[in-house]
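>>> Give me a 3D structure for the following:
(chains A, B, C and D)
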There are 2 protein chains.
Amino acid sequence: MSLPFEPVEFEPVYRKVAAALLERITDRTLKSGDRLPPELELARQFGVNRSTVREALRELESTGVLRRQRGSKLMMVSRPERDAVADGVSRALALHDVSIRDVWESLTILEPPIAEAAARQRRAADLARIESTFSRAMDRSAEAAARQAADFFRHVGEATHNRVLMLAHEPLLQLLAPSLRTIIDEVAPARARIATAQRHILRGIRNGDPAEARLWTGKHIRDYRRGFDLAGIDLANRVEP
Amino acid sequence: MSLPFEPVEFEPVYRKVAAALLERITDRTLKSGDRLPPELELARQFGVNRSTVREALRELESTGVLRRQRGSKLMMVSRPERDAVADGVSRALALHDVSIRDVWESLTILEPPIAEAAARQRRAADLARIESTFSRAMDRSAEAAARQAADFFRHVGEATHNRVLMLAHEPLLQLLAPSLRTIIDEVAPARARIATAQRHILRGIRNGDPAEARLWTGKHIRDYRRGFDLAGIDLANRVEP
DNA sequence: ATGGTGCTATTATCGGACAATCGGACTATT
DNA sequence: AATAGTCCGATTGTCCGATAATAGCACCAT
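This is a model prediction of the structure:
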């Protein structure tokens, strides 16, 4: 026998308030940069207690649509920043026991087309950004080198001028960072190989040569795969948050 | 002149409490399914007021690491569900004025390799799920047909058994849904063309033929592009949340 | 313009209160 | 034995009121 009745739904007031505010934000009645009315005023308008309003605000704050400048008490409407969103995605993936292989496989899929798009769409400012990252010393700590490698990908992504792509691959970079760091630490030739690949990718992008950018990015990612083996990292390990 | 000092950081207590709880969740001290101590107990342990604890809980609740069964008051630790995470990503992208072209371009990049991976990784249960979606009537309302089309992609994604990929393309499906619905509504042959493409993709996956799955998925996505034109949808329009 | 000075509005946090209701135990009914 | 009725304590949702700290702002004096 099937279930003839839907479960009766009850929504606490704080969530209704949050939903109402979010509605105004997504429909642009409240625009990014606007300051939110004071809590007491909101409480009056919604006809609820200030505590209830505050719970709703916390909810919106953590999704990134509300924010306050550092050391300010004014609550501003805002757009969720890439980092914040990506953090949430990374955390979710980590909690779901995603493996390093899963992440690497996704990079395999995403990164070459991104580089290709970057080579097509790049503008002067993008090139400058990538180049400044590229020229950053790789001979620093493994920590710094890993950050450099991630930034390189990040800036290539930015050169596509496609926010969907940028946001989609940001969590991958975050989740791969720890193992990347290990590889650079453990595998002697890693830095040099990374630098070489980056040079070719950068050339492809600079010259507006999508095929080259894609090709070398593919090699680069496949090279990481060898790095995992050489560094003794088990691809079945789950990523860390 | 550069900035010689970092801004001194102040974190409200409710965020510290949230961070402390999140820490315990990510390090698996609190495992998914565990019930959270009562608010008063938490307040005692943290040495703060219950209201403060509640604000922290709202934050964690909205990120999906805390949840309550429908109609239950027990707060359980949980892993963020795909839908919830994807909602957040979609909202963020929408607020950033992402265009339909951006989303479509990302689909172009993601979907073919996903179908390819699905053809390689699929198991019996995956096939059954895709097939059941496929056989769902396309001749219903545009609404239902659009949902069917999205579900098809979704289930193909699930057949990859790679949660990163599943999560990455979920927001694309969400954001494309409205325009997809318009296409099906406005362009007469859309349903038939979608059905044809799905049939070929399904065959590729069923036969474990990655090349075929990839090929037809590529065609399929490119076909959508024509659909936008025929339906009079401007690719520069921003997606709706 | 720049730097003080002081008021007010607003937030962060607290304490306590009360109604609703969920979980569970215990009992009665068939 | 399984189901339905009854009851109680624990817990949450929401409210009220209060206080300290301080950001925002206006006003004033250089």
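>>> Can you list the buried residues in the lowest-mean-pLDDT helix or strand in chain A?
Ranked by mean pLDDT, DSSP states H and E, the helix or strand of chain A with the weakest confidence is helix A:124-134, at a mean of 92. Within helix A:124-134, the residues scored as buried using 16 or more other Cβ atoms under 10 Å in any protein chain shown are A:126-127, A:129-130, A:133-134. Yep, even glycine has a C-beta here, placed from its N, CA and C like the rest.
>>> Same question for stretch A:72-82.
Under 16+ other Cβ under 10 Å, the buried positions of stretch A:72-82 are A:75-80, A:82.
>>> Check stretch A:182-190 too.
A:182-184, A:187, A:190.
>>> Show me how far stretch A:27-35 is from its chain's centre.
Mean-position distance between stretch A:27-35 and its chain equals 24 Å (Cα atoms, centre = their mean, to the nearest Å).
>>> residues contacting A:Ser90?
By Cβ atoms under 8 Å, 6 or more residues apart in numbering or on different chains, the contact set of A:Ser90 is A:171, A:174-175, A:241.
>>> Any residue of stretch A:154-168 touching chain B?
Yes - Stretch A:154-168 reaches chain B (Cβ under 8 Å from any Cβ of the partner chain) through A:162-165, A:167-168.
>>> Return the member of those residues nearest to B:Ser141.
A:Val164 (28.0 Å; Cβ to Cβ).
>>> In this structure that closest one contacts B:Leu176, no?
No - A:Val164 lies out of contact with B:Leu176 (Cβ atoms under 8 Å); the separation is 10.7 Å.
>>> Scan chain A for its longest helix.
Counting residues, the longest helix found in chain A (DSSP state H) is helix A:163-186.
>>> Can you name every helix or strand that the least confident helix or strand of chain A contacts?
helix A:142-159, helix A:190-206 (3 or more Cβ pairs under 8 Å, 6 or more residues apart in numbering or on different chains; DSSP states H and E).
>>> related to what we said a few turns ago, which ones among the buried residues of helix A:124-134 also lie next to DNA strand C?
On the criterion Cβ under 7 Å from any atom of the strand, none of the entries of the buried residues of helix A:124-134 sits beside DNA strand C.
>>> I'd like those laid out as CSV, including distance to DNA strand D.
Listed next are the buried residues of helix A:124-134 as CSV, based on distance: Cβ to the nearest atom of the strand, whole Å:
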residue, distance to DNA strand D
A:Asp126, 34
A:Leu127, 38
A:Arg129, 31
A:Ile130, 36
A:Thr133, 34
A:Phe134, 39
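>>> Identify the farthest-apart pair in those.
Maximum distance among those (Cβ to Cβ): 12.3 Å, for A:Asp126 and A:Phe134.
>>> Dump the contacts of A:Ser90 into a markdown table; add neighbour count and distance to B:Ala197 as well.
What follows is the contacts of A:Ser90, written out as a markdown table (neighbours: other Cβ atoms under 10 Å in any protein chain shown; distance: Cβ to Cβ, whole Å):
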| residue | neighbour count | distance to B:Ala197 |
| --- | --- | --- |
| A:Pro171 | 28 | 29 |
| A:Gln174 | 21 | 34 |
| A:Leu175 | 28 | 33 |
| A:Pro241 | 18 | 38 |
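>>> From those, pick the one nearest DNA strand C.
For those, the residue nearest DNA strand C by Cβ to the nearest atom of the strand is A:Pro241; the value is 24.6 Å.
>>> residues contacting the closest one?
A:90-91, A:94-95, B:26.
>>> pLDDT below threshold where in chain A?
A:1-3, A:137-139 (pLDDT under 70).
>>> domains in it, as residue ranges please.
Listed domain ranges for chain A are A:13-77, A:83-230 (source: automatic domain parsing).
>>> Out of the ones you listed, which one sits most buried?
The highest mean neighbour count among these, using mean count of other Cβ atoms under 10 Å in any protein chain shown, belongs to domain A:83-230: a mean of 20.
>>> Between the two ends of that domain, how far is it?
For domain A:83-230, the first-to-last residue distance is 31 Å (Cα to Cα, to the nearest Å).
>>> to the chain's geometric centre, what's the distance from it?
The answer for domain A:83-230 is 12 Å, by Cα atoms, centre = their mean.
>>> Just the endpoints, please. Distance across stretch A:150-170?
Start-to-end, stretch A:150-170 (Cα to Cα) is 9 Å.
>>> from the contacts of A:Pro241, which are also near DNA strand C?
Okay, of those, nothing touches DNA strand C (Cβ under 7 Å from any atom of the strand).
>>> Now that we have those, can you turn them into CSV and tack on secondary structure and distance to DNA strand D?
Output for the contacts of A:Pro241, formatted as CSV (DSSP: H, G, I helix; E, B strand; the rest coil; distance: Cβ to the nearest atom of the strand, whole Å):
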residue, secondary structure, distance to DNA strand D
A:Ser90, helix, 28
A:Arg91, helix, 23
A:Ala94, helix, 26
A:Leu95, helix, 21
B:Thr26, helix, 21
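>>> Tell me the one of those nearest A:Trp216?
Of the contacts of A:Pro241, the one sitting nearest to A:Trp216 (Cβ to Cβ) turns out to be A:Ser90, at 26.4 Å.
>>> Spell out which residues of chain A are next to DNA strand C.
Residues of chain A lying near DNA strand C (Cβ under 7 Å from any atom of the strand): A:36, A:38-41, A:50-51, A:54, A:68, A:73-75.
>>> hmm, 10 Å instead?
A:8, A:10, A:35-43, A:49-51, A:53-54, A:57-58, A:61, A:68, A:72-75 (Cβ under 10 Å from any atom of the strand).
>>> Out of the residues of stretch A:154-168 next to chain B, the closest to DNA strand C would be?
Checking those one by one against DNA strand C (Cβ to the nearest atom of the strand), the nearest turns out to be A:Leu167, at 27.6 Å.
>>> can you tell me which residues contact that closest one?
Counted by Cβ under 8 Å, 6+ apart, A:Leu167 has contacts A:82, A:85-86, B:89, B:92-93.
>>> Among these, list the two that are farthest apart in space.
A:Ala86 and B:Leu93 (12.1 Å).
>>> Tell me how far the closest residue to A:Leu180 other than its chain neighbours lies from A:Ser90.
Residue nearest to A:Leu180 in three dimensions, not counting chain neighbours: A:Ala146, with 4.6 Å by Cβ to Cβ, 6 or more residues apart in numbering or on different chains. For A:Ala146, the distance to A:Ser90 (Cβ to Cβ, to the nearest Å) stands at 15 Å.
>>> and what of A:Ser99?
Taking Cβ to Cβ, one finds A:Ser99 at 14 Å from A:Ser90.
>>> now do A:Ala177
In terms of Cβ to Cβ, A:Ala177 sits 10 Å off from A:Ser90.
>>> can you tell me which residues contact A:Arg147?
A:Ala177.
>>> ok, now the one 4 residues further on?
Taking Cβ under 8 Å, 6+ apart as the contact definition, A:Asp151 lies against A:133, A:136.
>>> before we move on, what about A:Ala197?
Taking Cβ under 8 Å, 6+ apart, one finds A:216-217, A:219-220, A:223 in contact with A:Ala197.
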